[in-house]
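A.B. asks: structure here, sequence nowhere to be found:
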Ligand SMILES: NC(=O)C1=CN([C@@H]2O[C@H](COP(=O)(O)OP(=O)(O)OC[C@H]3O[C@@H](n4cnc5c(N)ncnc54)[C@H](OP(=O)(O)O)[C@@H]3O)[C@@H](O)[C@H]2O)C=CC1
Ligand SMILES: O=C(O)[C@@H]1CCC=N1
């Protein structure tokens, strides 16, 4: 059980996923969580659902907290940083989930000695199946990294990377759920094309993605080998695979991750120019 009081500034989707995970796993108590927002109805809903403390006042939440999670959109982050900076002292750990915003920029806003961990989670955190990479700022300690890791382990798996790899993480696992949903939707359409009812097609497509990922993770077998196990000589899977290769699926996915990584970098650069 974490003893620290944790304030989530901007309790939207990502913050709610973390709050839910922290409570469900017994990592934190409701009374040690404070959620902030812009709208009274939203924070009341969080209070009703999870029993956490809530306020519309970011500064008041920061004053009470040992750990401050910055979970607003990147576009409003600078404003929030300026607002809370006077209340962030060196005793507080600051964790950011914002895409693209460099630690150096946050340090500039919060003061040079600020203890910052920058992270990139993803939306499957909402169901406890997230993937999150964490990067440590210069002034964050081993203990800070351990606390941040525990918070994200409550909603999925974690890995520690250098900050310069976080844009790549954003391109792969941060944005990746969108690619996979597109693939599931396309497979569902394909099922309908070959005669399956829509609901049946979608259920089979989603479970196939889930089951394949689970098989790979649980066995640790190389994906190429698992692919070979599905592929009988002269059979159906190789006919499908040939078509995917002809359509350039691998290249398309590599291009997609590269484009998203580039976009994450651009967002960071735009943030730097504005701040
Ligand atoms: N969605 C994703 O797939 C991922 C998102 N992220 C990052 O997570 C962060 C949050 O994203 P997400 O949860 O999806 O976004 P949401 O829009 O769901 O959450 C942001 C919340 O912040 C609130 N808010 C806006 N302005 C303020 C303010 N000044 N003070 C306090 N609260 C405020 C918003 O309220 P209101 O709705 O009233 O505006 C909203 O509830 C972003 O920085 C994003 O880059 C990281 C990884 C993946
Ligand atoms: O598209 C975005 O900007 C966010 C960041 C990671 C996933 N979605």
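C.D. replies: Nice, I can see it. The structure displayed is predicted, hence computed values, not measured ones. Ligands and ions are numbered 1, 2, ... in the order given.
A.B. asks: can you tell me the element residue 112 falls in?
C.D. replies: Residue 112 is located outside every helix and strand, with elements delineated by DSSP states H and E.
A.B. asks: next, give phi and psi for it.
C.D. replies: For residue 112, the backbone dihedrals (degrees, to the nearest 10) come out as phi -60, psi -30.
A.B. asks: would you map the helices across the stretch 51-200 of the chain?
C.D. replies: 58-64, 74-84, 103-110, 142-153, 166-169, 176-193, 198-219 (DSSP state H, counting those that start in this stretch).
A.B. asks: same list, those, but as a markdown table with distance to ligand 1 and mean neighbour count please.
C.D. replies: Glycine gets a C-beta too; all of them are placed from N, C-alpha and C. A markdown table is the format used below for the helices of the stretch 51-200 of the chain (distance: least, Cβ to the nearest ligand atom, whole Å; neighbours: other Cβ atoms under 10 Å):
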| stretch | distance to ligand 1 | mean neighbour count |
| --- | --- | --- |
| helix 58-64 | 5 | 19 |
| helix 74-84 | 4 | 18 |
| helix 103-110 | 12 | 19 |
| helix 142-153 | 11 | 18 |
| helix 166-169 | 9 | 23 |
| helix 176-193 | 7 | 15 |
| helix 198-219 | 17 | 13 |
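A.B. asks: mind checking which of these is nearest residue 19?
C.D. replies: With Cβ to Cβ as the criterion, residue 19 lies closest to helix 142-153 of the helices of the stretch 51-200 of the chain, at 10.1 Å.
A.B. asks: which residue lies farthest from the center of this structure?
C.D. replies: residue 234 (41.1 Å; Cα atoms, centre = their mean).
A.B. asks: ok so that one is a helix residue?
C.D. replies: No: according to DSSP: H, G, I helix; E, B strand; the rest coil, the state of residue 234 is coil, so it is not within a helix.
A.B. asks: how near is it to residue 242?
C.D. replies: Going from residue 234 to residue 242 by Cβ to Cβ, to the nearest Å gives 12 Å.
A.B. asks: so who does the residue in the stretch 1-150 of the chain positioned nearest to ligand 2 touch?
C.D. replies: Closest residue of the stretch 1-150 of the chain to ligand 2, Cβ to the nearest ligand atom: residue 99 (3.7 Å). For residue 99, the contact set (Cβ atoms under 8 Å, 6 or more residues apart in numbering) comprises 74, 120, 170, 174, 264, 267.
A.B. asks: phi first, then psi, for it.
C.D. replies: phi -70, psi 130.
A.B. asks: what's the answer for residue 222, then?
C.D. replies: phi -60, psi 140.
A.B. asks: now do it: how many residues are near it, please.
C.D. replies: 10 (other Cβ atoms under 10 Å).
A.B. asks: cool, residue 254 as well?
C.D. replies: Residue 254 has 11 nearby residues by other Cβ under 10 Å.
A.B. asks: in which helix or strand would I find it?
C.D. replies: Assigned by DSSP H and E, residue 254 belongs to helix 249-274.
A.B. asks: that helix and ligand 1 in contact?
C.D. replies: No: looking at helix 249-274 against ligand 1 by Cβ under 6 Å from any ligand atom, there are no contacts, and the closest approach is 8.7 Å.
A.B. asks: against which helices or strands is that helix packed?
C.D. replies: helix 74-84, helix 166-169, helix 176-193 (3 or more Cβ pairs under 8 Å, 6 or more residues apart in numbering; DSSP states H and E).
A.B. asks: these into JSON lines, with extra columns for mean pLDDT?
C.D. replies: Formatted as JSON lines, the helices and strands packed on helix 249-274 follow (pLDDT from 0 to 100):
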{"stretch": "helix 74-84", "mean pLDDT": "94"}
{"stretch": "helix 166-169", "mean pLDDT": "97"}
{"stretch": "helix 176-193", "mean pLDDT": "98"}
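A.B. asks: make JSON lines from those and add distance to ligand 2 to it.
C.D. replies: Shown next, in JSON lines, are these (distance: least, Cβ to the nearest ligand atom, whole Å):
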{"stretch": "helix 74-84", "distance to ligand 2": "7"}
{"stretch": "helix 166-169", "distance to ligand 2": "9"}
{"stretch": "helix 176-193", "distance to ligand 2": "7"}
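A.B. asks: in CSV: those, plus distance to residue 210.
C.D. replies: Shown next, in CSV, are those (distance: least, Cβ to Cβ, whole Å):
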stretch, distance to residue 210
helix 74-84, 30
helix 166-169, 22
helix 176-193, 10
